[in-house]
Each structure stands twice: as C-alpha cells, then as structure tokens.
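Visitor: give the three-dimensional model of this entry:
(one chain, ligands or ions: 3)
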Amino acid sequence: KPSVQESTESEIISRFQQYLQINTSQPDPDYKQSTSFLLAIANSLSLESQVLEFVPGKPLVLLKWPGTDPSLPSILLNSHTDVVPSEPHKWGHPPFQAHLDPSTGHIFARGSQDMKCVGMQYLEAIWKLRSSGFKPTRDVYLSFVPDEEIGGHDGAEKFAESEVFDKMNVGVVLDEGLASPDGFYRVFYGERSAWWMSIKAVGKPGHGAKLYDNSAMENLFKSIESIRRFRSAQFDLVKSGSRAEGDVISVNMVFLKAGTPSPTGFVMNLQPSEAVAGFDIRVPPTADPLALERRIAEEWAPSSRNMTFEFKQKGPLHDKFGKPMVTPLDDSNPWWGLLQKAIKNANGVLGKPEIFPASTDARYFRNRGLPAIGFSPMANTPILLHDHNEYLNKDEYLKGIDLYVSIIKTYSSFAPRTARDDASRAEL
Ligand SMILES: CSCC[C@H](NC=O)C(=O)O
Ligand SMILES: [Zn+2]
Ligand SMILES: [Zn+2]
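Guide: Numbering: from 1, shown residues only. Ligands and ions are numbered 1, 2, ... in the order given. Have a look, this model is predicted:
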C-alpha cells in the first residue's frame, strides 16, 4: 500500500476550494464531477469506495476505512454534496469561485458552511490520521449523499433503509450542525420536523366594490391573522430567552396565491372565489402533534369557514419504535461523553446541546433508533447557510479538521472490553 504523505496548509485549502468550485446546486447538481472528485481523494487515501445509486443520476459515495476489529459497530460520518441555489449577481464574489480573501482569510462560496466544509474536513482529518500512522479499531464510514436540500428522499432516506446500510452495522452517526457567532461550538441532538401546509379558502365571487361576508379573501385572512398571533406568541418565547429556537413551533407564510389574472396583471374589481396560502411549519420532537393538528383543523383552516388544508410534507416526530426522535445525551449514550472528551482534548468548547431548527438527513438515521449528533465545527462565524456571501474563514476550517482528528481518533478507538462494560456504562 502506498503511504499517505502529510499535506501542506495550502494543499488542504486548495482541496476545499476545488470541492466548493463544483456546482452542485439544486435543482441540477453536477453530481458527476463531485463523485469523481471524491473518488480521487478516496483513492489517494486508499479508502475502500463504492458509488450507490438508489435513484439513477443521484450517486451516493460511500467510503470505508476498515478498522482492526470489524465486529464492533462502525462510525458513520455523513455529509451532503448538494447545495442550495444562489443569486450570483447579489454576491460579492461568484458563489462557485471559492474566492479566498487575502486580508481576512474568508473563503466565499455556496456550500462553504452548508456543508462541503464538513465533508472535506472528515477527509482531511483522515488524511492527517493516516499520514501519522494511526489505525482505527472500528470501521469508519463516510457517506457523501445527494439531495439533502430537497428532502433527502433519493439519498439518505433510501440509504438508511437499505441492505448495504444494515450490513455496515452503524453504531453512531455524525451529521451537520450550524455555525455559531460566539466561541462555543453548537451541537444538536434532534431536529424539528417540517410540516409544509397550504390552506385554501373558497367563497362567493363578487364585485370589488361590495362589502359582504365569507369572501374567499376574507376567510383566508381570518386564518392568516390567527396563524400570525400564534407565530408571535412562539417568537416571543424565543425573544425573551425562555425557549431556544429549536424548542418552539415556528410558522412562516411562504406563498400567497389568489386573484383573477388579466393580461395587464390582475382583475381589480373582482373579489376572487379562491385563495390559497402556504406555510412552512417546524415542530419540535417534544411537541404534541395532536394538539397542533386540532389547532389547524379548528382555528387555522376550519371547515365552518369553508377552509381546507393540505400537507405537502408532514415529518414524523417519533421514530419507527414510537419514541421521540432525539438522541439521548446522557450516560446511556457513550458517544456523547466521547464527543465532549474529544472536543475538549482539541481545545474546543461546546455550547449547550440544541434541537436543530430546520431539517437534516440525521432524521433518517435517528428514525432507525441510531444515535446521531449534528456538529459542524464553525465557531466565531456568522450563520450564513442559504444566505448571500456564505463564507467560512480558512483558520476556522483548519481548526475544524483538528477537531475531527480528535473525534475520529476517540470514536474509532472506543472499544469496551466486553458487552458487560457497555451495559454497566448504560446503568450509570
Ligand atoms: C423537510 S426536507 C427539507 C430539508 C431542508 N434542509 C436544509 O435546509 C430544510 O428545509 O430544512
Ligand atoms: Zn445542510
Ligand atoms: Zn441547507
């Protein structure tokens, strides 16, 4: 086997830039190029690799660094290869140039935070460990999955349910987190579920000059008012500091569709007979789904007001065993203590564990009852995912690699001597 040479800092940064320069933005990601790029690195690191296509044209790159004791459950380091679209003309530097600002060290690119950084940091950490001669005890897998940004149905969801996945005997999964503007690294043990709902009002059409009850617009606006009251009450809990962002139900109106089109815009003197509004609702795993469903049916879209509602997406709050989809962060989960230890050893400081406010692929692994922890090592960094001018500072990026060196070392060497050790740990 060829030995792996240590990389220079500029080689490391240039590999990150190369990955960022591949335009994998939805809705038409260049997965061909990202796949060959990742396979080339896997090859330089002599990792085992396979490309899984659960859906043609949507490749999942699965890499393996075999451990010395394959009987132990493995470690899975997951990242997605796709990124969200950008509006290039609103950026200071083109989003796929990966411009490195020489005075600040910021690297500007779509995906620099979400989450090509993490995917490459896993690989760079393995590069460092391999060149230092380290040998993992457990198998270490890396999955580079497609389509997270559009729901992960053709990527992580199918992967987590596959026979290949079963055979991997995964014990713990690491997936993405969020940047933090302060010095504490954020860490996530669960996430809110996305409920994407549209509500529709119907009513008698009529002259634009007439005041009458039960028009579609009036019916819809009564609902919108009620939803907005709920929204502010939830938001107030966050503003006052009594709840974290991931612990309330968020509701945001994302579209409004109504009116009678005309060649010059909309007919102005006609009250339409239909009006629809769409909402992105995020529900914490501890919320009572029945109470929310009742609120929707009775207050937000009551049939008494000729309203109907429809879900485009309604994520579950519980896993397939009926348990809330959260990863316990206590002594029943040795991976939590190990993560704390590994980060401390690398001089990092973790913040208080949180519920991720949006969705990630981690939910598909938690749904199988597996512990999954969300972590993207970006402290002292503004939260710019999905925003214009997304960037990551090069020194933060390099620091993150060292954190993963420590994590991968700690995780892959964790080998309780007997199953009883595991059990007694769990009893503590
Ligand atoms: C529910 S699938 C959508 C996934 C998406 N993930 C990241 O932004 C999100 O909107 O949270
Ligand atoms: Zn992401
Ligand atoms: Zn995203």
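
Visitor: now residue 289: closest residue in space that isn't a chain neighbour?
Guide: residue 317 (5.5 Å; Cβ to Cβ, 6 or more residues apart in numbering). No exception for glycine: its C-beta is placed from N, CA and C like everyone else's.

Visitor: with residue 402 instead?
Guide: Per Cβ to Cβ, 6+ apart, closest to residue 402 is residue 346, 5.4 Å.

Visitor: that neighbour against residue 408, yeah?
Guide: No. Between residue 346 and residue 408 there is no contact under Cβ atoms under 8 Å: 11.0 Å.

Visitor: among the two, which residue is more densely surrounded?
Guide: residue 408 (24 against 19; other Cβ atoms under 10 Å).

Visitor: and the gap between the more buried one and residue 375?
Guide: As defined by Cβ to Cβ, to the nearest Å, residue 408 lies at a distance of 12 Å from residue 375.

Visitor: likewise for residue 84?
Guide: Residue 84 is 20 Å from residue 375, by Cβ to Cβ.

Visitor: same question for residue 59.
Guide: 25 Å.

Visitor: and the residue minimising distance to the centre of the chain, what's its pLDDT?
Guide: By Cα atoms, centre = their mean, the chain has its centre lying nearest to residue 360, at 2.7 Å. pLDDT, the model's per-residue confidence, is 97 for residue 360.

Visitor: quick one: neighbours of the residue nearest to residue 111 when sequence neighbours are not counted, just the number.
Guide: Leaving aside its sequence neighbours, residue 111 sits nearest to residue 83 (Cβ to Cβ, 6+ apart; 3.9 Å). Residues lying near residue 83 (other Cβ under 10 Å) number 28.

Visitor: got the contact list for residue 83?
Guide: 24, 25, 26, 29, 110, 111, 114, 116, 149 (Cβ atoms under 8 Å, 6 or more residues apart in numbering).

Visitor: SS state for the fifth one?
Guide: Per DSSP: H, G, I helix; E, B strand; the rest coil, the local secondary structure of residue 110 is coil.

Visitor: quickly find the element holding the nearest residue to it once chain neighbours are set aside.
Guide: Excluding its sequence neighbours, the residue lying closest to residue 110 (Cβ to Cβ, 6+ apart) is residue 95, at 4.0 Å. Assigned by DSSP states H and E, residue 95 belongs to no helix or strand.

Visitor: so residue 95 touches residue 86, yeah?
Guide: Yes. Residue 95 lies in contact with residue 86 (Cβ under 8 Å); the separation is 4.1 Å.

Visitor: overlap in contacts, those two.
Guide: Common neighbours of residue 95 and residue 86 (Cβ under 8 Å, 6+ apart) are 25, 110, 390.

Visitor: and residue 242, how many neighbours?
Guide: 10.

Visitor: quick one, strands of the stretch 201-350 of the chain?
Guide: Assigned by DSSP state E, counting those that start in this stretch, the stretch 201-350 of the chain shows strands spanning 206-207, 250-258, 261-262, 265-266, 270-271, 274-283, 307-314.

Visitor: pLDDT averaged over the fourth one - what is it?
Guide: It stands for strand 265-266. On average, strand 265-266 scores 96.

Visitor: what's the spacing between stretch 26-39 and its chain's center?
Guide: 19 Å (Cα atoms, centre = their mean, to the nearest Å).

Visitor: that stretch and ligand 1, are they touching?
Guide: No. Residues of stretch 26-39 are not located near ligand 1 by Cβ under 6 Å from any ligand atom, the shortest gap being 10.4 Å.

Visitor: can you list the buried residues in that stretch?
Guide: Residues 29, 31, 33, 34, 35, 37, 38, 39 are the ones in stretch 26-39 that count as buried (16 or more other Cβ atoms under 10 Å).

Visitor: residue 383 reaches residue 177, doesn't it?
Guide: No. Residue 383 is not in contact with residue 177 according to Cβ under 8 Å; the separation is 10.7 Å.

Visitor: comparing those two, which shows the higher neighbour count?
Guide: residue 177 (23 against 15).

Visitor: re earlier: what's the distance between the residue nearest to residue 110 and ligand 1?
Guide: 16 Å (Cβ to the nearest ligand atom, to the nearest Å).

Visitor: quick one: contacts for that residue?
Guide: Counting by Cβ under 8 Å, 6+ apart, the residues that residue 95 touches are 25, 86, 88, 108, 109, 110, 390.

Visitor: for residue 297, same thing?
Guide: Residue 297 neighbours (Cβ under 8 Å, 6+ apart): 303, 309.

Visitor: give the contact list for the closest residue to residue 248 other than its chain neighbours.
Guide: The spatially closest residue to residue 248, leaving aside those adjacent along the chain, is residue 234, at 4.2 Å (Cβ to Cβ, 6+ apart). Residue 234 makes contacts with 248, 249, 250, 251, as judged by Cβ under 8 Å, 6+ apart.

Visitor: can you verify my assumption that the third one contacts residue 358?
Guide: No. Because the distance of 9.5 Å does not satisfy Cβ under 8 Å, residue 250 is recorded as not touching residue 358.

Visitor: what touches both of the two?
Guide: Common neighbours of residue 250 and residue 358 (Cβ under 8 Å, 6+ apart) are 192, 282.

Visitor: which one of the two has more residues nearby?
Guide: Ranked by neighbour count (other Cβ under 10 Å), residue 250 and residue 358 place residue 250 first, with 19 against 15.

Visitor: and the gap between that one and residue 227?
Guide: 11 Å.

Visitor: anything in contact with each of these two?
Guide: Counting by Cβ under 8 Å, 6+ apart, nothing touches both residue 250 and residue 227.

Visitor: which residues does the residue nearest to residue 402 contact?
Guide: Residue 346 touches 402, 403, 405, 406, 407, counting by Cβ under 8 Å, 6+ apart.

Visitor: in these, find the pair that's most separated.
Guide: Pairwise distances across these (Cβ to Cβ) peak at 9.8 Å, for the pair 402 and 407.

Visitor: ok, the two, which is more surrounded?
Guide: Taking other Cβ under 10 Å, residue 402 and residue 407 do not tie; residue 407 has more neighbours (27 against 18).
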